[in-house]
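What would the 3D arrangement of this be:
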Amino acid sequence: MKQGREFEQLIESIYREIDPDSKVTRNDKILGHQSKTHREIDLSIRSKIGLHEILIVVQAKDTKKPIDVNVVYEFVGVINDIKANKGVLISSKGFSKSAKSVCENYGIDMFTAHDFENPKWTLDLKMPVLLSRFEGAFRPDFRFTANQAYEKMSRENRAPKIPNWNDFKFTDDDGRSYFTAREEFTKLCTEGALVFNGVENVSSCKKEVKLFITDGVLVPVKELCFIYKVTKREYYKYFQVKEFRGLIDSLRNILKPVKFKVESDDVVIEDFRVESIQGIRLETWNPMSPKVKLIHPYKIFLHNLLIGTPLEQPKFNFSGKDPDFKE
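Predicted structure coming up:
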């Protein structure tokens with residue numbers, strides 16, 4: 001395979017995944033307005049914004065050393081000749097200081113490309129993780145008011161049996177969406193709204209919620225609260241990234257992944273569904289394996305919450321009829 005072609009194919013696949021709606025062409029030939037000759041472009045990307053056609057040209061360099069300023073000036077000439085809207089330089093080994101300065105001056109984006117599946121373009125990438133563990137037990141406590149619909153079901157002996165509290169479904173938007181007691185309590189843990197001191201505490205739900213009885217029947221809930229005994233432990237560590245394919249912005253220190261996976265004994269982070277990850281610290285630059293650390297931690301919450309034990313089982317009481325109920 002021609003030197004550099006495999007690297008160009010990697011760049012092409014990354015751009016196709018990043019923007020599947022754009023037209024991506026490898027080894028494109030575009031007529032120069034000044035030179036009147038066809039300029040060969042490693043990768044052209046055409047898209048449309050409103051009524052306007054946008055042309056982005058990408059030059060991919062799989063070299064043994066960082067790209068120098070001469071490569072940048074040559075690329076500037078190509079951009080101007082074909083009147084491209086944007087130029088992008090992608091290197092396998094980074095950029096010299098002067099090359100970065102010229103690229104920034106001409107508005108050229110600079111990236112390094114990486115793929116864990118190819119040892120030539122891999123990198124030693126570590127990701128900071130703030131791991132929060134919640135352990136303990138909880139139970140919900142609430143009252144609900146029998147409204148007109150529920151009273152009618154009771155008179156007709158159609159009122160369903162009270163289910164296990166795990167199966168209770170609550171809503172705060174009149175049935176457009178539902179959540180369980182466990183989901184709500186887990187959310188409170190994650191948001192840091194509770195006290196995690198290992199002793200029994202009570203937290204009241206601030207929402208106005210209703211309890212799902214059956215299709216078309218919701219009853220108002222009064223004084224929903226959680227009685228809990230939970231401890232929280234936090235760990236901060238760097239996890240090794242096991243799989244990565246994507247770009248690193250050499251000017252802005254931003255990671256742009258199309259494939260991303262972190263593994264440890266506790267957790268797997270996969271298919272990172274963000275456009276970019278802010279903050280990269282370059283520890284060393286070894287042409288064979290650059291060492292990179294992400295700066296901003298990714299938060300992970302692990303819950304080991306027992307249901308009802310060692311606390312007693314949940315309580316629920318009728319509070320009588322709805323005051324607006326009419327016989």
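
What count of nearby residues applies to residue 68?
Residues lying near residue 68 (other CB atoms under 10 Å) number 15. No exception for glycine: its C-beta is placed from N, CA and C like everyone else's.

Check residue 205 too.
When neighbours are counted by other CB under 10 Å, residue 205 registers 19.

For it, which non-adjacent residue is closest in space?
residue 224 (4.2 Å; CB to CB, 6 or more residues apart in numbering).

Can you tell me how far the one you found is from residue 18?
Noted for residue 224: a distance of 44 Å to residue 18, by CB to CB, to the nearest Å.

quick one, which of those two is more surrounded?
Set residue 224 next to residue 18 and count neighbours by other CB under 10 Å: residue 224 wins out with 22 against 16.

for the more buried one, what are its contacts?
Applying CB atoms under 8 Å, 6 or more residues apart in numbering to residue 224 gives the contacts 140, 141, 142, 170, 204, 205, 207, 209.

helix or strand for it, which one?
According to DSSP states H and E, residue 224 maps onto strand 217-249.

List the buried residues of that strand.
217-221, 224, 226-230, 232, 239, 241, 244-249 (16 or more other CB atoms under 10 Å).

after that strand comes which helix or strand?
Immediately after strand 217-249, counting by DSSP H and E, sits strand 254-263.

average pLDDT across that following strand?
Mean pLDDT, taken over the full extent of strand 254-263, equals 79.

Then stretch 196-213?
On average, stretch 196-213 scores 86.

hmm, who's touching the helix or strand containing residue 100?
Using DSSP H and E, residue 100 falls within helix 97-106. Applying CB under 8 Å, 6+ apart, the external contacts of helix 97-106 come out as 66-69, 71-73, 76, 79, 87, 89, 95, 108-110, 250-251.

Filter those down to the buried ones, PyMOL style.
Provided next is the PyMOL selection string for whichever of those are buried by 16+ other CB under 10 Å:
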select buried, resi 66+67+69+71+72+76+79+87+89+95+108+109+110+250
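
Sort out for me which of the contacts of helix 97-106 are in helices.
69, 71, 72, 73, 76, 79 (DSSP state H).

so what's the first one up against?
Residue 69 makes contact with 96, 98, 99, 102 under the criterion CB under 8 Å, 6+ apart.

The helix holding residue 100 - what's its average pLDDT?
Mean predicted lDDT for helix 97-106 stands at 96.

try stretch 170-179
pLDDT averaged over stretch 170-179 gives 90.

For the stretch 51-200 of the chain, which segments count as strands?
Under the criterion DSSP state E, counting those that start in this stretch, the stretch 51-200 of the chain carries strands at the ranges 52-61, 86-91, 109-115, 124-146, 170-171.

Can I get those strands in TSV including distance to residue 255?
Putting the strands of the stretch 51-200 of the chain into TSV (distance: least, CB to CB, whole Å) gives the following:
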stretch	distance to residue 255
strand 52-61	18
strand 86-91	14
strand 109-115	9
strand 124-146	8
strand 170-171	39
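
do you know which of those lies nearest residue 302?
Comparing the strands of the stretch 51-200 of the chain by their distance to residue 302 (CB to CB), the top pick is strand 124-146, with 5.0 Å.
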